[in-house]
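>>> Quick one, structure for this:
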Amino acid sequence: MDFFEAQRISKKKTNSLLIQFFSVVTFISLISGFMPLLFLHSQEEKTVVSGNLILFSLAISLIVAFIIMSVSFFKIKSLKSNPEIICLELGAKKIHSNEGNLDIKRFQNIVEEMSIASGVPIPSIYILEESGINAFACGHDIHSSAICITRGALQKLNRNEIQAVVGHEFSHILNGDMNINLKLVGVLAGLLFISNLGQNLLRSRSRRRSKDGDIVGTLGFVFILTGSVGAFFGSFLRAKISREREYLADASSVQFTRNPGGIIGVLLKIMANLEGAVISHKGISDACHMCISNPFERKNSFFSFSTHTPLRERILAVDKKFNKDLFQNDNLQKLYKSMNSVQKVEEKEKMNTNDDAKSRFEQFGIFQTLLNQDSTNEEKIKSLLFDFLKTKSGLLSSQDSIKFLTYISDSIKNFSTESKLNIKNELLNEIKKDNKFQFIEFIVYGYLYPALEPIDHPFNDLSNGKFKQYSLLLLSFIHHKSKNSIYSFKLYGKKYGELVPVEQLNYSSVLKALKYLRFAGADNKEDLIKVIKEMIYHDRNVSEEERLSFYTIAQILGIPKSKI
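Residues are numbered from 1 along each chain as shown. Presented below is the predicted three-dimensional model:
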C-alpha cells in the first residue's frame with residue numbers, strides 16, 4: 001500500500017465531497033428563500049410588498065447558507081480536536097493495556113501486531129457492549145486514531161477473523177478515510193440542523209400572535225422541507241463515498257493479513273449472526289458510514305442510501321468463486337452454530353506480540369523492567385522517560401532509542417489531558433535546567449510531541465508558501481547536522497531557497513517548523529521526506545544522529561513505516 005498515493009486519493013475525495021456539499025448548500029438556500037416568497041407574496045398586495053419580499057427572500061437564503069456552513073464547520077473542528085468523542089457518545093469504554101479478559105487482550109495483541117507491521121502508532125482501543133458483529137475506526141490522522149469493536153465481534157470471531165477486522169480498520173487509518181468520515185459527520189450535522197430548527201419554529205408558532213405566528217410557521221415549514229432536501233442529498237453523498245471506501249478496505253484487509261478467508265469469514269458470520277451487525281445506540285446514525293457493516297436493523301432499503309453494499313456482493317469482490325445463490329439458509333445456520341463453538345483464547349496464547357522488540361531492552365540496566373511495566377502507571381512511565389533522558393541515550397543505538405520512545409509515546413496517548421500537560425511541563429523543565437537545548441532532548445520532546453500535545457488542526461492544509469519556508473529551515477538543520485558538503489544541499493534542497501546559516505538555527509525553531517509541517521499536504525510531505533533522505537544518503541554514511549533526526553521528523557509528520 002502506497003501511503004502517499006492513498007492520501008492523495010483521499011484528498012481528491014474530500015475535495016469532491018466539499019464541492020458537492022457547497023453545491024447542495026447553495027441549492028437548498030435558494031429554495032429556502034424562494035418558498036416564503038411564493039407563500040407570502042400570494043397574501044399581500046403585489047405592488048406594495050414585492051421589493052420587500054425579494055429582500056426578505058435573499059436574507060433567508062443567506063441566513064440558511066450561513067447556518068449550515070457554520071454548524072458543519074464547528075462540528076468538523078470539534079471532531080478534529082477530539083475525534084474519540086464519537087466512541088464516547090456511543091457509550092464505548094476505553095481499554096488500557098492491563099485491562100480486560102482474554103478476548104480483549106487477544107484483540108489488543110492483534111492491534112499491536114498490525115501497528116508494528118504498518119508502522120502506525122497503536123490506536124486507542126474501545127469496546128462497545130453490543131451483541132452485533134461490528135467495528136469502526138475514527139480519528140483525524142495516525143496520531144489520533146482509535147478502533148472501536150463490539151463485544152459480539154470479540155466473542156464470535158476467531159483470531160484470523162479479528163485480524164481481518166483490524167486490517168480493515170487500519171486500512172481506513174492509512175487511506176485517509178477517517179478524515180473523509182469526520183467531514184461527512186460535519187456535513188450531515190449542518191444539513192440536519194436546518195430541519196431541527198424548523199421543527200422548533202413550528203413548536204413556537206402557537207405562542208405568537210396570528211400574523212407573527214404565520215411568518216414563524218412558514219419559516220418552520222420551509223426549514224423542515226429544505227432541511228429534508230439537504231439530508232436527502234447528504235445521505236446520498238455519504239452512502240456513495242462509504243460504499244466505495246468499504247470495498248477498498250476489504251481489499252486492503254486481505255493485503256495486510258495475506259488471508260482472504262479472514263474478511264470473508266467476518267462477512268459470512270455477520271450474515272449468520274442473529275443480531276447481524278446491529279448497534280442499538282441511537283447515536284450510531286451519525287457514524288453508520290464508519291462501521292464495517294450496516295449497523296441498523298436488517299431491512300430492505302433503497303440501495304442508493306445504504307452506506308454499505310450487500311454482504312454477498314462484498315464477499316464476491318474478494319472471492320470471485322463465491323456463489324451467493326447457493327449460500328442459503330442452511331449454510332447460515334451451520335455458520336451460526338460454529339460461531340457459538342469458537343474456542344476461547346487459551347491462557348498460553350502469546351500475550352506480548354512485541355516480545356522481540358521489547359526484549360532488546362533487557363540488556364540495559366535502567367530498562368530491564370520494561371517488559372513487566374504497567375504502561376498505564378503514569379509515575380513508572382515518567383520515571384522510565386526521565387531516566388532515559390538523563391543517560392543521554394549513551395547506552396542505546398538509534399533503533400533501540402526509537403523503539404523505547406515509541407513504547408513511551410503509545411503509553412502517554414492513553415493518559416488524561418491533565419497528565420499529558422504535567423509530563424510536558426516536567427519534560428520542558430528538565431530541558432531548561434542547564435539552559436541548553438541538547439540534541440537528545442530535542443529528539444525526546446520531538447518524538448513525544450504528537451502524543452503530548454492536543455490536536456490543533458487547521459481547517460486547510462499548510463499553504464505552499466509556508467511549506468517552503470518551514471521546509472527550508474528543516475533542510476538547513478539536516479544539512480548542518482549531517483555535515484555534508486554544501487553540494488548536497490544545492491543538489492537536493494536548493495529549490496526550497498537559500499541555506500539558512502547554522503547560527504540562525506536552534507532546536508526550538510526546528511520543532512516549530514515541524515509542528516506546522518505536520519499539516520502539509522501529502523504531495524508536499526512526500527517530496528520533503530524524499531529530499532531529506534537524499535541529503536542524508538549523499539555521503540553514503542548514515543550516522544546515529546541522522547537516523548534519530550529522520551525518525552523523529554517522520555514521527556511528527558505522521559508518515560508511517562519510513563525507513564533510512
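>>> Next, Pro454: phi, psi?
Pro454 adopts backbone torsions of phi -60, psi 150, taken as degrees, to the nearest 10.
>>> wait, it sits on Glu418?
No - under the criterion of CB atoms under 8 Å, Pro454 makes no contact with Glu418, lying 11.5 Å away. Glycine gets a C-beta too; all of them are placed from N, C-alpha and C.
>>> With neighbour numbers in mind, choose between the two.
Pro454 (11 against 8; other CB atoms under 10 Å).
>>> Now do the same contact list for that one.
The neighbours of Pro454, taking CB atoms under 8 Å, 6 or more residues apart in numbering as the test, are 81, 417, 420.
>>> burial of Gly262, as a residue count?
26.
>>> Could you report the pLDDT at it?
For Gly262, the pLDDT comes out at 92.
>>> Tell me if I'm right that it and Ala164 touch.
Yes - using CB under 8 Å, Gly262 is in contact with Ala164, at 3.1 Å.
>>> list residues touching both of those two?
253-254.
>>> Which ones among the contacts of Pro454 map onto helices?
The helices, defined by DSSP state H, take in 81, 417, 420 from these.
>>> which of those residues count as buried?
Lys420 (16 or more other CB atoms under 10 Å).
>>> Throw the ones in helices among the contacts of Pro454 into TSV and include distance to Asn435 and pLDDT, thanks.
TSV is the format used below for those (distance: CB to CB, whole Å; pLDDT from 0 to 100):
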residue	distance to Asn435	pLDDT
Ser81	34	78
Thr417	29	84
Lys420	25	90
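>>> Can you lay out the ones in helices among the contacts of Pro454 as a markdown table showing distance to Gly493?
Converted to a markdown table, the ones in helices among the contacts of Pro454 look like this (distance: CB to CB, whole Å):
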| residue | distance to Gly493 |
| --- | --- |
| Ser81 | 34 |
| Thr417 | 38 |
| Lys420 | 34 |
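>>> quick check, nearest of the ones in helices among the contacts of Pro454 to Phe322?
Ser81 (42.7 Å; CB to CB).
>>> any idea how far the closest one lies from Ser144?
Per CB to CB, to the nearest Å, Ser81 is found 9 Å from Ser144.
>>> quick revisit: Phe74: which of the contacts of Pro454 is nearest?
Distances from Phe74 to the contacts of Pro454, taken by CB to CB, are shortest for Ser81, at 10.6 Å.
>>> shouldn't that closest one be in contact with Ile455?
Yes - shown here, Ser81 and Ile455 form a contact pair, counting by CB under 8 Å, at 5.3 Å.
>>> Just read off the phi/psi values of Ala272.
According to degrees, to the nearest 10, Ala272 has phi -80, psi -20.
>>> Now do the same contact list for the closest residue to it other than its chain neighbours.
Excluding the flanking residues, the one nearest Ala272 by CB to CB, 6 or more residues apart in numbering is Leu335, at 3.9 Å. Neighbour list for Leu335: 268-269, 271-272 [criterion: CB under 8 Å, 6+ apart].
>>> Report the two of those residues separated the most.
Greatest spacing in these, by CB to CB: Lys269 and Met271 (7.1 Å).
>>> between the two, which one's more packed in?
Ranked by neighbour count (other CB under 10 Å), Lys269 and Met271 place Lys269 first, with 25 against 21.
>>> Just the buried residues of the helix or strand the more buried one falls within, please?
Assigned by DSSP states H and E, Lys269 belongs to helix 260-272. Counting neighbours by 16+ other CB under 10 Å, one finds that the buried residues in helix 260-272 are 260, 262-272.
>>> tell me the contacts of Phe170?
114, 118, 120, 137, 252, 256.
>>> And the strands in this protein?
Listed in chain order, the strands of the chain (DSSP state E) span 93-95, 124-128, 135-138, 146-150.
>>> Overlap of the contact sets of Ser81 and Ser144?
Ile455.
>>> Domain ranges for the protein, per the record?
Listed domain ranges for the chain are 3-82+188-234, 87-181+244-340, 355-452, 464-557 (source: automatic domain parsing).
>>> So which of the ones you listed is the most surrounded?
Among these, domain 87-181+244-340 has the highest mean neighbour count (mean count of other CB atoms under 10 Å), at a mean of 19.
>>> tell me how far the longest helix out of those in the chain is from the chain's mean position?
Longest helix of the chain, by residue count under DSSP H: helix 210-257. Put simply, helix 210-257 sits 21 Å off its chain's centre (CA atoms, centre = their mean, to the nearest Å).
>>> Then stretch 430-441?
Using CA atoms, centre = their mean, the mean C-alpha position of stretch 430-441 is found 33 Å from that of the whole chain.
>>> avg pLDDT for it?
On average, stretch 430-441 scores 86.
>>> Over to stretch 515-533?
pLDDT averaged over stretch 515-533 gives 90.
>>> what's next to that stretch, contact-wise?
Contacts for stretch 515-533 (CB under 8 Å, 6+ apart): 4, 7-8, 11, 449-450, 453, 457-458, 461-462, 464, 466-467, 470-471, 474-475, 478, 492-493, 496, 550, 553-554, 556-559, 562, 564.
>>> From those, which land in helices?
Filtering the contacts of stretch 515-533 for helices - DSSP H - leaves 4, 7-8, 11, 449-450, 464, 466-467, 470-471, 474-475, 478, 492, 550, 553-554, 556-557.
>>> Verify the contact between Thr150 and Phe136 for me.
No - counting by CB under 8 Å, Thr150 stays clear of Phe136, with 9.5 Å between them.
>>> For the helix holding Lys269, name the packing helices and strands.
Secondary-structure packing of helix 260-272 (3 or more CB pairs under 8 Å, 6 or more residues apart in numbering; DSSP states H and E): helix 159-174, helix 210-257, helix 311-318, helix 329-340.
>>> looking at this structure, which helix or strand does the model trust least?
When the helices and strands of the chain are scored by mean pLDDT, DSSP states H and E, helix 355-359 comes last with a mean of 40.
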